[in-house]
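Turn this into a structure:
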Amino acid sequence: MNAPIDFQVIEQDGKPVFAVVPWERFQEMAEAWRAVQAREQGIPQEVVERHVIDGLSLVAAWRDYLGMTQAEVARRAGMKQSAVARIERGDSRPRHTTLRRLAGAMGLHPGQLLLDLDK
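Numbering: from 1, shown residues only. All right, here's what the predicted structure looks like:
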């Protein structure tokens, strides 16, 4: 038995050019996109306070704010949990590519992790 698909791909010259999705699914996707766009606009006050007042790295403050574990972030970023822990403690200076991977794993814009005030 084949599972039903909830979208249709329209091709032109053998290449996909459009995807048609049910309205309800489109609304869910649009809401998710708006949430991502909202996060790209800045850093929530709670994250700033955890970073500035509590001394957490932005990676740790964001992860905590998003309710994610180090293991979950590491898995999504294709890293070891111990590497995420080192970055959060400040024991290493991650490359921008690593910060971009971490941002992607948390659904953030990379700039939201590159603004770390103590780096």
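
Every contact and neighbour count from this point should use C-alpha atoms.
Noted.

domain ranges for this protein?
Per automatic domain parsing, the domain ranges recorded for the chain read 8-40, 45-114.

which one of the ones you listed has the lowest average pLDDT?
Lowest mean pLDDT within those: domain 8-40, a mean of 82.

Centre of the chain to that domain, how far?
18 Å (C-alpha atoms, centre = their mean, to the nearest Å).

Tally up the residues packed near Phe26, please.
13 (other C-alpha atoms under 10 Å).

Ok, Trp33 next?
Neighbourhood size, Trp33 [other C-alpha under 10 Å]: 12.

cool, and Thr98?
17.

name the element it belongs to?
Using DSSP states H and E, Thr98 falls within helix 96-106.

circling back: packed most tightly, which of the domains of the chain would that be?
When these are scored by mean count of other C-alpha atoms under 10 Å, the highest mean neighbour count falls to domain 45-114 (a mean of 17).

my guess is Ile43 meets Leu114, correct?
No - contact criterion C-alpha atoms under 8 Å: Ile43 and Leu114 do not qualify, at 11.4 Å.

Setting the sequence-adjacent residues aside, check what's closest to Glu11.
Nearest residue to Glu11, sequence neighbours excluded (C-alpha to C-alpha, 6 or more residues apart in numbering): Val17, at 5.4 Å.

no, scratch that, I was asking about Gln70
Of all residues not flanking Gln70 in the chain, Gln81 sits nearest, at 5.8 Å (C-alpha to C-alpha, 6+ apart).
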